[in-house]
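A.B. asks: sequence plus predicted model, see below.
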Amino acid sequence: MSRYLRFVPLAVLLLFVVVVAWRLVMPEDTKVRSQMTGQPVPTFALAPATNGIPGLSSKDLATGQPRLVNVFASWCVPCIAEAPLLMELKRQGVPIDAVAVRDKPADVAEFLGRHGNPFERIGADDESRVQIALGSSGVPETFIVDGRGVIRYQHMGPIEPGDVPALLGEWEKAR
Amino acid sequence: MMVRPKHQRLVLAVLAIAALVGAVLLAMWGLQDRAAYFVTPSDIAAGKAEPDTAIRLGGMVVEGSLKKDADGLTNRFTVTDGTKTTSVVFRGITPDLFREGSGVVAEGRLDPNGLFVADNILAKHDERYMPPQMANEATPK
Amino acid sequence: MIAEAGLAALWLAAALAALQLALACGSGGEQGRRIATIRAVAVAQGLLTIAAFAALVLVFLRSDMSVLLVAENSHSQKPWIYKLAGAWGNHEGSMLLWVTVLAIAGSVVALFERRLDERTLGASLGAQAALALGFFAFLLVASNPFERLNPAPLDGRGLNPLLQDPGLAFHPPTLYLGYVGLSVAFSVAVGGLIRREVSPAIARAMRPWVLAAWIMLTLGITAGSYWAYYELGWGGWWFWDPVENASLMPWLAATALLHSVNVLAARGGLRAWTMMLALVAFSMSMVGTFLVRSGILTSVHAFAVDPTRGSFILALLTIYIGGALTLLALRIADVKEGAPFEIVSREGGLVINNLLLSVILGVVFVGTLYPLIAEAVSGEKLSVGPPYFNSVASPIALALGAFLLIGPQLRWRRDAAPLLPRIAPGLLVAIVALVATIVLWPTIGILPRLGLALGAGLIPASVMPLFGRSLRRTPLAIWGMVLAHLGVSVAILGMASDSAFTKERLAAARPGETVPVGPWLVEFREVMPVAGPNWTAIEAELRASRGSGVTILKPQSRFFPDPPTTTNEAAIDTSWNGQLYAVLGERDDQGRWQLRLWWKPFVTLIWLGGILIALGGALALAGRLFRERQQRRRIEEAFE
């Protein structure tokens, strides 16, 4: 009996590893997907987030053409990484607006100065109310809103080079 | 009673295994009704949540549903998962980022009338309830 | 430049670890020369790792925003001490700290260990190098702390306001010294098993490391508990959070190991048992670090890591622990039989102590992992919290405490003398205390009641070993044991008192109103805005009195702008018999403010007990080191 007893600790380890490996391989989908996809953008009107650039309201998102809405902040480090990709999307003709979350006008201006400004409008969302109403749970996130003001797609996290074709595709679909 | 050396090791080994098994059995017994299940308002509406067991209810606080009782301390609000709603009552100081329209996790139990009595509220964006995905983004901790 | 130098030092250190491992595995060449080379390589590895860590600290202190880690975790306006703490207040930095302590431990063993047989030392240093190699690889491949950020932002994201606290800033290094100190026990056990050399000498080599690591873990856990108590504002001192459990599990294993290693060192008994515990203790450290970083368990402490890194650590874990346990299984038959002992003996008592500790370890382990297991098996999402842990761990802990009344009084090997006179004082006090609690406070729960009785009884029981000895010639190690066990009784009394006698009051009050809580009357004077170096707050002034004298408490609701966060700053007043704890909530539209007040009698005994336990350990460590130096000197003198 003691021949096999000595392998019990090893067996316990193996059991632990199997259970844990299962979880690592199949990560929990804790991403809180917005329930708003397929829903119209909630009514809102935000003041300009910085001088010289108009603020954003829900009316501006139902213009007959699909638009991107980027939820960002000057204090958000991954937003720096996605800035050039937003500029690229703008260059390809995609109209982009933004919601600046819990930010200050001077900081937003500085961010845009350093990383470029792909946005036509930027609304100041000082209390995250619009962010939450859109169904966003963090920054950065990007939404595609169609010409009738209905949310068609949500991209969570920073836009990476590999995401650009997919985003362009979704934008085309929304036309 | 002196145990012979050869047997001593065997006895110790058996005791160790017995302790291990005992620990696991004890754990299983303890987990039976002290683990708290995650439920949504739809689960409660479908009758899947048992009254009087520890539950964690998750969802969004319905806009306009938050009311305080006259004592200034008891909060009543409704939680929704987009399909069904559950009424919640909580007596205490709510976390700073708890507000209508925001995500919430309430720990507590269902009373016989279907009202969720919360002992603890964890608001979304609260440090204790931060989905790993958000931790990778630059949200304030 | 500094960052690149640090990275280079890290690569070099990794290379040296590989060399150290290779040398230890090889068998050619002259034995003495090889061991000397291994020692030198270990020391060099330690120095290079220290250099790498110093480089990281430097880029933080200089607020070099071109380093990604600094940009994400620091801010140029921070006081220097929090810039320093920022270096290890994140995943990559703390992993570098882990590896630094690992390498330093190896160096110290290489420099000072003289007791071990040379070949065994070689094997142990090889094992230590193997451990280091895996973690170096993890750092260099998946968690580079020196990664650059281009273009560099003007300033950093700032440090989580929760971490801007002196206590918490130094909590990680303390704990890491504990976690990683146990690696030496692991390596020495592996070395001993490889060389078939499991003997009292091995135990004596291991013991100071086990003691030192255990002291640090005790301090780290005590400090962490106190921090959570005053910072999180819920009046609790232990939440059974997965990361708290991750620190408790190695501590439980280390406590069992500590007692077991003494038996092996002094009596030659419990050989296989001690080896197994030595392997389990550091395994628990590694499992703990994995749980915190893999992202599989959500917790307030959890670092922001992804599953890829988690998989890497899991692979390391499997190789190390699996390898060690396999080695144990294969070599256990070669481990000589320990000296026999009767069930009623100190060895027997220590076996029971170890078994009970292992049961607590087991139930905490299962409870921590259960949400994972349940989801894997049935898809159920659930959480396991204080109700489970408290109801399952407390009774076993109390049973352990009860054995503490008897165990230290037992004689080694065979105790046939009448036991009752020796345990009478402790037992008597416990029984009297139990009756007193029933008479004075009939309504408190059974667990706190037993805790109060046991805690009281343990005070004389802890001191009993000193009776009948010449106090001046009692070894320091015995004083240490007495103090540590006294610390246990004090801590149990604190926990039981908090559980039985805490009074809580939740009120909505207007300025001018008075709220009673326990023996106190708390007057809510006024509310005003205040500002600090990087925060603004609403502060309430409370005047508390009971009988004579007035104490002022000023709880705050504090707002940090960068990154925007609101925290509750509890106000705590400590008096000789307890703490008054106040938290401020929101204002409602009728001008009433939410106030949550607690009166916690004797709650500070919990952390005082923890400190006493650590102090006891320190005394024992000092005693052993001193005594060994004395013995060595005597031997040297005898040969002159």
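C.D. replies: Everything's here; your move.

A.B. asks: for chain A, which segments are assigned as strands?
C.D. replies: Assigned by DSSP state E, the strands in chain A fall at A:67-72, A:96-101, A:122-125, A:141-145, A:151-156.

A.B. asks: now swap in chain B and tell me
C.D. replies: Remark: strands assigned in chain B by DSSP E are B:35-39, B:55-61, B:67-68, B:74-80, B:85-91, B:103-110, B:116-123.

A.B. asks: doesn't residue C:497 make contact with residue C:441?
C.D. replies: No: with contact defined as C-beta atoms under 8 Å, residue C:441 and residue C:497 do not form a contacting pair (10.6 Å). Bear in mind the C-beta positions are built from the backbone N, C-alpha and C, glycine included.

A.B. asks: so for those two, which residue has more residues nearby?
C.D. replies: Shown here are residue C:441 and residue C:497; by other C-beta atoms under 10 Å in any protein chain shown, residue C:497 has more neighbours (24 against 13).

A.B. asks: which strand or helix spans the more buried one?
C.D. replies: Under the criterion of DSSP states H and E, residue C:497 resides in helix C:476-501.

A.B. asks: got any ranges where the chain has weak pLDDT?
C.D. replies: Picking chain A for this. Within chain A, the stretches with pLDDT under 70 are A:1-2, A:26-36, A:137.

A.B. asks: if you could check chain B rather than the one you did, that'd help
C.D. replies: Counting by pLDDT under 70, the ranges of chain B that qualify are B:1-6, B:82, B:96-97, B:123-141.

A.B. asks: max-length helix in it?
C.D. replies: Longest helix in chain B by number of residues, with DSSP state H as the criterion: helix B:5-31.

A.B. asks: near chain C, anything from it?
C.D. replies: Yes: contact of helix B:5-31 with chain C (C-beta under 8 Å from any C-beta of the partner chain) involves B:5-6, B:8-9, B:12, B:15-16, B:19-20, B:22-24, B:26-31.

A.B. asks: quick check on these: which are buried?
C.D. replies: By neighbour count, with 16 or more other C-beta atoms under 10 Å in any protein chain shown, the residues of helix B:5-31 next to chain C hold B:8-9, B:12, B:16, B:19-20, B:22-24, B:26-27, B:30-31 as buried.

A.B. asks: just put these in JSON lines and tack on distance to residue C:204.
C.D. replies: Shown next, in JSON lines, are those (distance: C-beta to C-beta, whole Å):
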{"residue": "B:8", "distance to residue C:204": "22"}
{"residue": "B:9", "distance to residue C:204": "22"}
{"residue": "B:12", "distance to residue C:204": "22"}
{"residue": "B:16", "distance to residue C:204": "24"}
{"residue": "B:19", "distance to residue C:204": "27"}
{"residue": "B:20", "distance to residue C:204": "29"}
{"residue": "B:22", "distance to residue C:204": "32"}
{"residue": "B:23", "distance to residue C:204": "31"}
{"residue": "B:24", "distance to residue C:204": "35"}
{"residue": "B:26", "distance to residue C:204": "35"}
{"residue": "B:27", "distance to residue C:204": "36"}
{"residue": "B:30", "distance to residue C:204": "39"}
{"residue": "B:31", "distance to residue C:204": "41"}
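
A.B. asks: ok, which of those residues also contact chain A?
C.D. replies: Among those, the residues within reach of chain A (C-beta under 8 Å from any C-beta) are B:9, B:20.

A.B. asks: now check stretch A:135-150, is it near chain C?
C.D. replies: No: using C-beta under 8 Å from any C-beta, stretch A:135-150 never reaches chain C; the gap is at least 10.7 Å.

A.B. asks: can you get me the start-to-end distance on that stretch?
C.D. replies: End-to-end span of stretch A:135-150 (C-alpha to C-alpha, to the nearest Å): 13 Å.

A.B. asks: with stretch C:547-556 instead?
C.D. replies: 26 Å.

A.B. asks: also stretch C:557-576?
C.D. replies: 27 Å.

A.B. asks: what mean pLDDT does that stretch have?
C.D. replies: Mean pLDDT, stretch C:557-576: 81.

A.B. asks: so how far is that stretch from its chain's centroid?
C.D. replies: Distance, stretch centre to chain centre, for stretch C:557-576: 25 Å (C-alpha atoms, centre = their mean, to the nearest Å).

A.B. asks: got it, and stretch C:260-272?
C.D. replies: Computed by C-alpha atoms, centre = their mean, the chain-centroid distance of stretch C:260-272 equals 24 Å.

A.B. asks: pLDDT on it, on average?
C.D. replies: Throughout stretch C:260-272, pLDDT has a mean value of 88.

A.B. asks: which helix or strand contains the residue of the stretch 1-150 of chain C found nearest chain B?
C.D. replies: Residue nearest to chain B within the stretch 1-150 of chain C: residue C:72 (8.2 Å; C-beta to the nearest C-beta). Per DSSP H and E: residue C:72 is located in helix C:68-73.

A.B. asks: who touches the longest helix seen in chain A?
C.D. replies: Longest helix in chain A by number of residues (criterion: DSSP H): helix A:8-25. Outside helix A:8-25, the residues that touch it by C-beta atoms under 8 Å, 6 or more residues apart in numbering or on different chains are B:17, B:20, C:276, C:280, C:283, C:287, C:290, C:294, C:296, C:307, C:310-311, C:314, C:317-318, C:321-322, C:325-326, C:328-329, C:369, C:372-373, C:375-376.

A.B. asks: PyMOL command for the buried members of those residues?
C.D. replies: Selection of buried members from these for PyMOL, criterion 16+ other C-beta under 10 Å:
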select buried, (chain B and resi 20) or (chain C and resi 276+280+283+287+290+294+296+307+310+311+314+317+318+321+322+325+328+329+369+372+373+375+376)
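
A.B. asks: the contacts of helix A:8-25 in helices, which ones?
C.D. replies: Applying DSSP H to the contacts of helix A:8-25, the entries found in helices are B:17, B:20, C:276, C:280, C:283, C:287, C:290, C:294, C:307, C:310-311, C:314, C:317-318, C:321-322, C:325-326, C:328-329, C:369, C:372-373, C:375-376.

A.B. asks: follow-up on the earlier one: chain C: which of the strands of chain B is closest?
C.D. replies: The closest of those to chain C is strand B:35-39. By C-beta to the nearest C-beta, the value is 4.1 Å.

A.B. asks: is the closest one positioned near chain C?
C.D. replies: Yes: residues of strand B:35-39 contacting chain C under C-beta under 8 Å from any C-beta: B:35, B:36, B:37, B:38.

A.B. asks: is the first one in a bridge, and if so with what?
C.D. replies: This means residue B:35. residue C:384 (DSSP bridges).

A.B. asks: that one reaches residue C:388, doesn't it?
C.D. replies: Yes: counting by C-beta under 8 Å, residue C:388 is a contact partner of residue B:35 at 6.4 Å.

A.B. asks: got a list of what residue C:559 touches?
C.D. replies: C:535, C:536, C:537, C:565, C:566.

A.B. asks: wait, is it part of a helix?
C.D. replies: No: assignment of residue C:559 by DSSP: H, G, I helix; E, B strand; the rest coil gives strand, placing it outside any helix.

A.B. asks: residues near residue 90, how many?
C.D. replies: Since you didn't name a chain, this refers to chain A. Counted with other C-beta under 10 Å, residue A:90 comes out at 17.

A.B. asks: please refer instead to chain B.
C.D. replies: Residue B:90 has 22 nearby residues by other C-beta under 10 Å.

A.B. asks: right, I'll leave it there.
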